[in-house]
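Visitor: Quick one, fold the following:
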Amino acid sequence: MSSRIEDYALIGDCQTSALVSRDGSVDWLCWPRFDSDACFAALLGNADNGRWSIAPAADNVKTTRRYRDGTLILETEFSTADATATVVDFMPLRDSASDLCRIVYGRRGRMPMRMELTLRFNYGATVPWVSRLPDRSLRAIAGPDMTVLRTTAHLSSADLKTVADFSVSAGESVPFVLTYAPSHLDVPRAIDAEAALHATEKFWRDWSDHGKSSGKWSQAVQRSLITLKALTYEPTGGLVAAPTTSLPERIGGVRNWDYRYCWLRDATLTLLALMNANCFDEAAAWRRWLQRAVAGSPEQMQIMYGLAGERRLEEWTVPWLSGYENSKPVRIGNAAASQLQLDVYGEVMDALHQARKGGLDSDPVTWAIQRKMLDHLTEVWSQPDQGIWEVRDGPRQFTYSKVMAWVAVDRAIKSIESFGLKGPLQEWRALRRLIHDDVCNHAYDAELRSFVQSYGSKELDASLLLIPLTGFLPHHDARVRGTVAAIERELTVDGFVKRYHTARTPDGLPEGEGVFLACSFWLVDNLVLQGRMDEATKLFEKLLALRNDVGLLAEEYDVVAKRFTGNFPQAFTHVGLVNSAFNLSRHAKPVKQRAHNESAGAPDTDEAKV
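Guide: Model (predicted):
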């Protein structure tokens, strides 16, 4: 049985990552990149699907763990009455191959240890051929994949596993290095684990030192930024939504999606989080990835792409994996990539506008692509779509999609007004007004005193919290205040925000999921805009309290079972944490960067005028 989701920590090399459980087991790892076939898939089945455990061969073991400050190096300490040992886990930044390093250090007494490695490829289905090399290392090959395990411990085999029984005394260390390379290449060279550890620590500390603090929440912000950096695919600048697939939104349920891709929807808030934290290299790389991904015919623009901008993300299920705690099916790929979701046009236009405002260099080709996008949006903005939650039971006129269509036109207008770019200004101003009026006339329910999920419905939706955050209407507009109040009243559990009424799901799937943590951070930001700073701070600190012992958050949280649900760690959740921390602690607030209306696209309406 897998550990609880919150019992995992993340390590990575900015191209792929691994999840390490509290008991010292690596249960999930995709090589050579985030979306590749998993070498370790015990997270989604049993240990025979691939797992690497290093733990004491003793009883009554106390376990503690932490990240080294400012790094992605994990230290897990095991203690008994007689001995203490520490396992240090990390992935060095790439050389010619990819390495997962685990060094066991003796701290006190003499600790008996056991290492068990179950290597599988193809999501746990393929047993590799293992052979011993002249240097006593073990090589495993299956099809295109090869791994090599090097250690000073004595290795043996049993039941299609590689095992090592050893002891470590105070002052001693035993390294284990597992290296991946394509099987058609030569065996990758050995690395010095200690030297790699020092280089990895220096990299992360140097990177962390560039970030800006956020007052009393600086440590939480730094950990979130390190997590976002770890989820960046360094060769292209793409940022994966999460390094996992099929961790369920409800334990035992079917809401199990593959998040190892890059969503356009995350673009603006991610860009602002990175720029405001002084991570301009990562912001620029993300912007360049975005430009390349959306290049081409606007009508073919997708809501998500692969790490290098790949468009073919066909979804299939893995019948031989039982899923996390029997949550089936396990899905690879994501069929939502082919959906029409109009909000992504607004995200792209806003992100590129914010990049210009932030001083990131642009080029004429980018604006030409944006103009083509607006030409296409002019034709399709009034169509129904699948919306922000990627429903699979048919399109409808989702309010948030229309709001973001307005954002797309608004940011194009602001780009002309602020940067002297060329475009049909009067035509776009008329379109902006048309979309704004359409939303206000069809998406607001006077009886509920709230905007609703889709035109003509009576349902609330947490995405409506983004109406003031995007600048569609000011926070003090009576319709906005009524919407926020309705969501607080109807869609919160213990203060945390649900996406919608789970008993009346809009996606055609069985009900049941946790509160959505990114949406909860959106509520924090709304409270900030309304000047309710004490309430905003209280909710923010409640959200911080949900983090696991090493500062990570998942997509969702089950308030009854008090468990993480959904894929983990979730980039968009940590983006929300960073932006909310800055909104609470800085005069220049990210929410005002995005919500401020420099022009007359949205009426500055207050309660007296409604």
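
Visitor: what bits of the stretch 501-610 of the chain have low per-residue confidence?
Guide: Where the stretch 501-610 of the chain drops to pLDDT under 70, the residues are 502-512, 596-610.

Visitor: what do you get if the cut-off is 80, keeping everything else the same?
Guide: Along the stretch 501-610 of the chain, segments meeting pLDDT under 80 span 502-512, 587-588, 595-610.

Visitor: Which parts of it are strands?
Guide: For the stretch 501-610 of the chain, strands defined by DSSP state E, counting those that start in this stretch occupy the ranges 515-516, 556-558, 563-565.

Visitor: Also the stretch 351-500 of the chain?
Guide: For the stretch 351-500 of the chain, strands defined by DSSP E, counting those that start in this stretch occupy the ranges 444-445, 450-451, 492-493, 496-497.

Visitor: could these go into TSV alongside mean neighbour count?
Guide: C-beta coordinates here come from the backbone N, C-alpha and C atoms, glycine included. Shown next, in TSV, are the strands of the stretch 351-500 of the chain (neighbours: other Cβ atoms under 10 Å):
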stretch	mean neighbour count
strand 444-445	18
strand 450-451	26
strand 492-493	16
strand 496-497	22
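
Visitor: Let's have those strands in a markdown table, adding mean pLDDT.
Guide: Formatted as a markdown table, these follow (pLDDT from 0 to 100):
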| stretch | mean pLDDT |
| --- | --- |
| strand 444-445 | 98 |
| strand 450-451 | 98 |
| strand 492-493 | 96 |
| strand 496-497 | 97 |
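
Visitor: Redo those as CSV? Include distance to residue 369.
Guide: CSV is the format used below for the strands of the stretch 351-500 of the chain (distance: least, Cβ to Cβ, whole Å):
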stretch, distance to residue 369
strand 444-445, 33
strand 450-451, 31
strand 492-493, 40
strand 496-497, 34
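
Visitor: Let me know which of those is the nearest to residue 266.
Guide: For those, the distance to residue 266 is smallest for strand 496-497, at 17.9 Å, taking Cβ to Cβ.

Visitor: Name every strand pairing with the closest one and say which way it goes.
Guide: Partner strands and pairing direction for strand 496-497 (DSSP bridges) are strand 492-493 (antiparallel).

Visitor: my guess is residue 551 meets residue 225, correct?
Guide: No - the criterion here is Cβ atoms under 8 Å, and residue 551 misses it with residue 225 at 10.8 Å.

Visitor: Among these two, which residue is more densely surrounded?
Guide: When residue 551 and residue 225 are compared for neighbours, residue 225 comes out ahead with 26 against 21, by other Cβ atoms under 10 Å.

Visitor: Tell me where the model's unsure across the stretch 301-450 of the chain.
Guide: Along the stretch 301-450 of the chain, segments meeting pLDDT under 80 span 361-362.

Visitor: show me where it has helices.
Guide: Along the stretch 301-450 of the chain, the segments classed as helices by DSSP state H, counting those that start in this stretch run 343-357, 364-380, 399-419, 425-442.

Visitor: Any chance of TSV for these, columns distance to residue 111 and mean neighbour count?
Guide: Below are the helices of the stretch 301-450 of the chain laid out as TSV (distance: least, Cβ to Cβ, whole Å; neighbours: other Cβ atoms under 10 Å):
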stretch	distance to residue 111	mean neighbour count
helix 343-357	50	25
helix 364-380	57	17
helix 399-419	54	24
helix 425-442	64	16
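
Visitor: possible to save those as CSV with distance to residue 132?
Guide: Formatted as CSV, the helices of the stretch 301-450 of the chain follow (distance: least, Cβ to Cβ, whole Å):
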stretch, distance to residue 132
helix 343-357, 51
helix 364-380, 54
helix 399-419, 58
helix 425-442, 67
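
Visitor: Would you tell me which of those helices gets closest to residue 533?
Guide: helix 343-357 (24.6 Å).

Visitor: Could you pull up phi and psi at residue 382?
Guide: For residue 382, the backbone dihedrals (degrees, to the nearest 10) come out as phi -80, psi 0.
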